[in-house]
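S.K.: from the sequence below, what's the structure:
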Amino acid sequence: MLLQITYQDKATQTEKENTIEDILKIITTLCIKVDSMDNEIQKLKINEDSQQHDCKNAKLSQSEDFKNPELKCDVGKHLKTHNICLNAAAGTNKQVSEKQHNNTNLNQLFEKPFTPKMSRNTLTMEPQTSTYADSLQNEIKLYNHVTRTYIENIYKIQTYLNRNPRSTTTKEPSQDYLTQKLQGYNKLIAQPKTNVNLVRTCYNYGLLNTVYTYDGEEISGIPKLHKAFITYKRVTKRNLFYVKFYTAPVEILYEEIKPPIQVIKIGLTKDMIIPKDIGQQEEIQKIEIPSFYVNKRIIGISTIIQELSNN
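M.R.: Numbering: from 1, shown residues only. Predicted coordinates:
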């Protein structure tokens with residue numbers, strides 16, 4: 001019984017010693033952690049101080065830039081064209097700023113005002129040789145291509161009628177063409193056997209006076225007129241017909257051509273009316289053709305109105 005109690009006391013003592021050792025280990029571990037925390041706190045304080053110092057330097061440099069916005073150079077004071085940027089260090093790591101390159105002072109290039117160089121070739125002015133009359137002539141409008149072509153064509157056909165008032169290819173006086181002599185120009189009178197192309201051309205330019213025909217062959221080059229003639233011929237028994245043209249000639253403007261106005265009358269006749277005065281006339285100059293036919297157009301319109309009122 002006594003031995004058992006002694007053993008228990010020794011066991012209790014051993015447990016107490018183990019507990020003390022554990023407590024000492026815990027205290028030692030806490031001390032080590034406290035020391036490490038102190039070291040980290042010191043490091044954080046150092047980093048904070050360095051950041052505050054860098055920010056302070058950056059603010060001071062910016063304030064100096066605002067206070068002194070001008071730079072001095074050889075020529076004078078000039079405004080800054082750029083700001084100097086400082087690289088702020090993060091923590092304890094400091095970045096090395098790149099080397100600043102100084103700008104070359106280019107103001108010296110413009111000490112004198114820029115003036116363009118004049119060419120050595122001297123300007124020569126030609127003497128004025130035109131007169132006031134020439135300038136007025138240049139302001140006159142010109143006929144376009146269409147009107148010039150029309151003037152050329154009507155000049156040719158009118159000159160042909162004026163210079164050749166009667167056909168020279170036939171010996172029969174009642175065949176082929178002759179002309180009606182009017183004031184300043186001739187118009188075509190087509191007898192049987194007259195060339196179809198000549199009749200059609202004179203009709204298109206308003207230079208056809210009368211056509212005498214038996215079967216309408218002479219006017220076959222004018223389709224609408226030929227069709228009307230064939231219809232008229234079917235209801236008649238006579239052989240000789242006449243086709244009378246009342247015409248207001250063309251009006252030639254600078255940019256357009258007003259076509260001729262024509263009234264056509266178809267009838268029957270026993271004999272062909274041949275003019276007594278058949279002769280040549282002077283050639284109409286090209287430059288006079290527009291004004292010449294304008295006057296004839298006025299006369300032709302009045303003749304047409306009178307003929308329509310009579311019928």
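
S.K.: where in this protein is pLDDT low?
M.R.: Applying pLDDT under 70 to the chain picks out residues 1-17, 49-141.

S.K.: outline the domain layout of it.
M.R.: 1-69, 145-310 (automatic domain parsing).

S.K.: hey, which of the ones you listed is tucked in deepest?
M.R.: Among those, domain 145-310 has the highest mean neighbour count (mean count of other Cβ atoms under 10 Å), at a mean of 16. Where C-beta positions appear, they are placed from N, C-alpha and C, glycine not excepted.

S.K.: how about the strands in the stretch 151-300 of the chain?
M.R.: 177-181, 186-190, 208-213, 241-248, 251-252, 257-258, 261-268 (DSSP state E, counting those that start in this stretch).

S.K.: for the third one, name the packing helices and strands.
M.R.: Other elements packing on strand 208-213 under the criterion 3 or more Cβ pairs under 8 Å, 6 or more residues apart in numbering; DSSP states H and E are strand 177-181, strand 186-190, helix 196-204, strand 241-248.

S.K.: what about 7 Å?
M.R.: strand 186-190, helix 196-204, strand 241-248 (3 or more Cβ pairs under 7 Å, 6 or more residues apart in numbering; DSSP states H and E).

S.K.: of all the ones you listed, which one comes closest to Arg148?
M.R.: Nearest of the helices and strands packed on strand 208-213 to Arg148, taken as Cβ to Cβ: helix 196-204 at 17.4 Å.

S.K.: what's that closest one in contact with?
M.R.: By Cβ atoms under 7 Å, 6 or more residues apart in numbering, the surrounding residues in contact with helix 196-204 are Ile157, Tyr177, Leu188, Ala190, Leu208, Val211, Glu218, Ile219, Ser220, Gly221, Ile222.

S.K.: just want the angle from that helix to strand 241-248.
M.R.: In terms of direction (axes from the mean of the first three to the mean of the last three Cα atoms, to 10 degrees), helix 196-204 departs from strand 241-248 by 40 degrees.

S.K.: between helix 196-204 and strand 186-190, how big is the angle?
M.R.: 130 degrees.

S.K.: can you give me the angle helix 196-204 makes with strand 261-268?
M.R.: Using the same axes, to 10 degrees: helix 196-204 against strand 261-268 is 130 degrees.

S.K.: farthest-apart pair in the contacts of helix 196-204, please.
M.R.: Checking the contacts of helix 196-204 with Cβ to Cβ, the most distant pair is Ile157 and Ser220, at 19.3 Å.

S.K.: returning to that earlier point: nearest to Phe292, out of the strands of the stretch 151-300 of the chain?
M.R.: Nearest of the strands of the stretch 151-300 of the chain (Cβ to Cβ): strand 251-252, 9.6 Å.

S.K.: partner strands of the closest one and their direction?
M.R.: Using DSSP bridges, the strands paired with strand 251-252 are strand 257-258 (antiparallel).

S.K.: perfect, that will be all.
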